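Enquirer: just to be clear, the model below is a prediction. Sequence and coordinates:
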Amino acid sequence: MSEEKRPEAMSRSSSLTVQSTDNDRKDLVNEKEAEKKEMDLQETDLENQRAQQPNQPQKFSHNFWDPAIAPQRRMYLKAAFLRALAILLLQLFVAMPFYWGSLYREYALVPNLRALVLSLDNAAVGNAVSNALLSSNKGTHVHGTGPAHSKFWLGWHSFPETEFNSSWSTNEALAAAKRAVEKEHAWAVVVVKRDATAELEAALQGNGADQWVPEDTISVVYSQARNELAAGNFVVPLTTAILQNVSLDLRREYTTNWLANSSNTARVSETPIDLLVNPVSYTMVNLHPYDIPLATALTFVGLIYVMVFAFQTSLITTNMQVIVASWLNTRSLILVRLAISFWYYWWISWSFAILGVAFRGDFYRHFGGGGFMLYWLALFLSITAIGLSLQSVVTLVTTLYLPPFFILILLTNVSVSLLPFDLLPSVFQYGKAWPAYNVNRAVRTILFGTKNDLSLNFGILLAWIALNLITLPLFQVWVRRREQKALEKSK
């Protein structure tokens with residue numbers, strides 16, 4: 001019985017298997033048909049979208065005036081022709097006038113360059129020199145011409161009586177003149193030697209003619225390195241122009257009178273020719289020559305490059321800190337920014353100082369081996385003062401708007417570093433507290449031995465650094481709070 005049922009069961013099982021396979025095939029066919037219908041629907045939707053947006057822009061496929069990119073074109077033109085142009089023009093009219101303004105009244109302010117006359121001769125020579133110099137203040141003689149033939153002259157004054165002793169010897173008078181120039185009480189001091197007229201007349205009469213040195217009659221004491229532009233363009237040429245005229249007038253007077261005396265005719269061959277041709281002359285006493293070929297790079301142009309490197313440092317460090325800024329708490333972010341900035345400033349200032357040595361900058365004249373370290377310190381403090389100022393600003397305005405602020409900082413510093421304050425409008429007195437002016441003064445002292453205000457110069461630079469060590473953290477805290485509030489709102 002069981003043997004008869006077994007084939008029958010196998011037959012039923014086989015039929016069930018075949019039926020199951022057919023059902024699977026039908027399901028698979030249905031699934032494929034469903035997928036195809038879904039794909040057809042998607043293609044239909046895409047075609048409908050394309051039909052609704054026939055000008056959908058495609059990258060790398062359009063010319064500038066293609067209507068398909070009209071929104072992008074409007075955005076670009078608005079940014080390029082309105083926003084960016086407005087920033088550039090604002091920058092031009094706000095920052096550039098500082099530099100233009102520092103130059104436009106240069107010739108008109110030349111009388112602010114104070115010069116002194118110290119005459120120990122109360123006779124013809126001394127009176128001629130004093131009268132010629134002091135009368136130039138009234139514009140009675142044209143000693144220089146500027147734009148549109150404008151006249152200019154130095155501001156000449158008699159040596160202050162409170163600082164003058166009529167019993168001084170010529171050497172004592174020269175020492176007083178040097179002190180006045182060293183302390184920057186005057187740009188130049190003209191000294192007429194004691195009893196110059198009496199000695200000249202005695203020499204013409206044959207008494208001490210061989211010992212008469214015309215160049216010792218008048219001495220012009222000045223300091224070129226105080227400001228080479230003021231000294232070279234005004235102080236020296238305007239002073240020597242007057243003294244040359246005085247010398248010429250005195251030569252005519254004394255030579256004519258001497259030759260008019262018949263008793264002198266027999267002694268012509270015995271009289272030194274220089275005494276007749278040039279009886280009175282002058283000597284230039286330059287206390288601090290501007291005589292280092294690299295000086296311009298060290299005292300002015302190079303300092304502009306220092307500010308440029310400070311700007312680049314701000315851009316580099318700000319872009320790099322994005323990597324970790326969002327992961328750091330506020331305190332750590334501030335410390336990281338300061339540490340990286342100081343690291344950059346140390347290396348840049350050190351490299352600048354070494355570059356100066358490589359091109360034979362003489363830092364050892366007046367401070368020995370410490371001169372180089374003082375120069376490096378001046379560079380380090382200046383780049384730190386300016387660099388941290390830019391770091392503070394970039395915290396608020398981001399790197400997008402940092403360049404306009406840098407141009408403003410650059411020009412407000414450069415404007416007070418080129419010419420002395422005597423040749424600048426009064427509004428530029430702010431420069432006495434600006435970094436570039438103080439580092440310029442410090443470097444001149446180190447290189448040329450000009451008036452030593454290093455403690456004041458370094459103190460002002462340190463004050464700038466201290467101020468920025470306060471403002472930078474405050475700005476960073478404020479910006480971080482804004483970022484945190486924005487993050488909370490987005491959740």
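Expert: Yes, it's here. Numbering: from 1, shown residues only.
Enquirer: show me where the stretch 351-491 of the chain has its helices.
Expert: In the stretch 351-491 of the chain, the helices defined using DSSP state H, counting those that start in this stretch lie at 370-397, 402-414, 435-448, 454-490.
Enquirer: indicate which one of those is closest to residue 216.
Expert: With distances scored as CB to CB, the stretch of the helices of the stretch 351-491 of the chain nearest to residue 216 is helix 435-448 (26.0 Å). C-beta: built from backbone N, CA, C; applies to glycine.
Enquirer: quick one: the closest one to chain centroid distance?
Expert: When C-alpha coordinates are averaged (CA atoms, centre = their mean, to the nearest Å), helix 435-448 and its chain have centres 12 Å apart.
Enquirer: and it with helix 454-490, angle?
Expert: With axes from the mean of the first three to the mean of the last three CA atoms, to 10 degrees as the criterion, the two stretches helix 435-448 and helix 454-490 enclose an angle of 150 degrees.
Enquirer: by contact count, what packs against helix 435-448?
Expert: helix 302-325, helix 370-397, helix 402-414, helix 454-490 (3 or more CB pairs under 8 Å, 6 or more residues apart in numbering; DSSP states H and E).
Enquirer: can I get the ones you listed in TSV with distance to residue 344, mean neighbour count and mean pLDDT?
Expert: As requested, those are arranged in TSV below (distance: least, CB to CB, whole Å; neighbours: other CB atoms under 10 Å; pLDDT from 0 to 100):
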stretch	distance to residue 344	mean neighbour count	mean pLDDT
helix 302-325	5	17	91
helix 370-397	8	22	95
helix 402-414	16	19	93
helix 454-490	14	14	94
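Enquirer: reformat these as JSON lines; add distance to residue 205.
Expert: Compiled in JSON lines, these are given as follows (distance: least, CB to CB, whole Å):
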{"stretch": "helix 302-325", "distance to residue 205": "58"}
{"stretch": "helix 370-397", "distance to residue 205": "53"}
{"stretch": "helix 402-414", "distance to residue 205": "59"}
{"stretch": "helix 454-490", "distance to residue 205": "54"}
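Enquirer: list the contacts of the helix or strand hosting residue 219.
Expert: Using DSSP states H and E, residue 219 maps to strand 218-222. The set of residues external to strand 218-222 that reach it, using CB atoms under 8 Å, 6 or more residues apart in numbering, is 129, 174, 177-178, 180-181, 187-193, 196, 231, 235-236, 239-240, 243, 280-287.
Enquirer: picking up where we left off before, tell me which of the helices of the stretch 351-491 of the chain approaches residue 76 most closely.
Expert: So among the helices of the stretch 351-491 of the chain, helix 402-414 is nearest, using CB to CB, at 19.9 Å.
Enquirer: to residue 293, which of the helices of the stretch 351-491 of the chain lies closest?
Expert: Closest of these to residue 293 is helix 435-448, at 11.6 Å (criterion: CB to CB).
Enquirer: how about the helices in the stretch 151-300 of the chain?
Expert: Read by DSSP H, counting those that start in this stretch, the stretch 151-300 of the chain holds these helices, from start to end of the chain: 170-182, 196-204, 228-230, 236-260, 273-277, 295-296.
Enquirer: out of these, nearest to residue 442?
Expert: Nearest to residue 442 among the helices of the stretch 151-300 of the chain is helix 295-296; the distance by CB to CB comes to 13.9 Å.
Enquirer: what about the host helix or strand of residue 127, distance to the chain center?
Expert: With elements taken from DSSP H and E, the one containing residue 127 is helix 124-135. Helix 124-135 has its average C-alpha position 41 Å from the chain's average C-alpha position, going by CA atoms, centre = their mean.
Enquirer: quick one: contacts of it?
Expert: 115, 117, 119-121, 141, 156-158, 190, 192, 196-197, 200, 217-218, 239, 242-243, 245-246, 249-250, 253, 280.
Enquirer: mind giving me the ChimeraX command for buried ones among those residues?
Expert: In ChimeraX, a selection of the buried entries from those looks like this (16 or more other CB atoms under 10 Å):
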select :115,117,119,120,121,156,190,192,196,197,200,217,218,239,242,243,246,250,280
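Enquirer: which other residues reach stretch 81-89?
Expert: Outside of stretch 81-89, the residues that reach it under the criterion CB under 8 Å, 6+ apart are 401, 404.
Enquirer: restricting to C-alpha, output it in PDB.
Expert: Backbone C-alpha positions of stretch 81-89 (Å, rounded to 0.1, in the frame of the first residue of the first chain) are rendered in PDB as follows:
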ATOM      1  CA  PHE A  81      30.600  97.300 -10.300                       C
ATOM      2  CA  LEU A  82      28.900  98.400  -7.100                       C
ATOM      3  CA  ARG A  83      30.200  96.700  -4.000                       C
ATOM      4  CA  ALA A  84      33.900  96.200  -4.900                       C
ATOM      5  CA  LEU A  85      34.200  99.500  -6.700                       C
ATOM      6  CA  ALA A  86      32.600 101.300  -3.800                       C
ATOM      7  CA  ILE A  87      35.100  99.800  -1.400                       C
ATOM      8  CA  LEU A  88      38.000 100.700  -3.700                       C
ATOM      9  CA  LEU A  89      36.900 104.300  -4.100                       C
END
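Enquirer: who's in contact with the residue nearest to residue 296 when sequence neighbours are not counted?
Expert: Taking CB to CB, 6 or more residues apart in numbering, and ignoring the residues beside it in sequence, residue 296 has residue 302 as its nearest neighbour in space, at 8.0 Å. Residue 302 sits next to 296, 352, 356 when contact means CB under 8 Å, 6+ apart.
Enquirer: and the gap between residue 304 and residue 463?
Expert: Taking CB to CB, to the nearest Å as the criterion, residue 304 is separated from residue 463 by 22 Å.
Enquirer: with residue 72 instead?
Expert: Applying CB to CB to residue 72 and residue 463 gives a distance of 49 Å.
Enquirer: how far off centre is the strand holding residue 219?
Expert: Taking CA atoms, centre = their mean, one finds strand 218-222 lying 32 Å from the centre of the chain it belongs to.
Enquirer: what of stretch 320-339?
Expert: For stretch 320-339 - counting by CA atoms, centre = their mean - the centre lies 30 Å from the chain centre.
Enquirer: what do you get for stretch 97-112?
Expert: Once both centres are worked out by CA atoms, centre = their mean, stretch 97-112 turns out to sit 17 Å from its chain's centre.
Enquirer: in it, which residues are buried?
Expert: The neighbour-count criterion (16+ other CB under 10 Å) identifies 98, 99, 102, 106, 107, 109, 110, 111 as the buried residues of stretch 97-112.
Enquirer: start to end distance for that stretch?
Expert: 22 Å (CA to CA, to the nearest Å).
Enquirer: list the contacts of it.
Expert: Residues contacting stretch 97-112 (CB under 8 Å, 6+ apart): 137, 144, 146-147, 150, 152-155, 234, 238, 411-412, 414-416, 418-419, 422-425, 427-428.
Enquirer: just the residues you listed: which are in strands?
Expert: Residues from the contacts of stretch 97-112 lying in strands, with DSSP state E as the criterion: residue 155.
Enquirer: which among the contacts of stretch 97-112 count as buried?
Expert: Neighbour-count burial (16+ other CB under 10 Å) is assigned, among the contacts of stretch 97-112, to 144, 152-155, 234, 238, 411-412, 414-416, 418-419, 422-424, 428.
Enquirer: name the nearest residue to residue 416, ignoring sequence neighbours.
Expert: That would be residue 431: by CB to CB, 6+ apart, it lies 2.6 Å from residue 416.
Enquirer: helix or strand: which one has the residue nearest to residue 316 when sequence neighbours are not counted?
Expert: For residue 316, ignoring the flanking residues on the chain, the nearest one in space by CB to CB, 6+ apart is residue 344 at 7.7 Å. Taking DSSP H and E as the criterion, residue 344 maps to helix 330-358.
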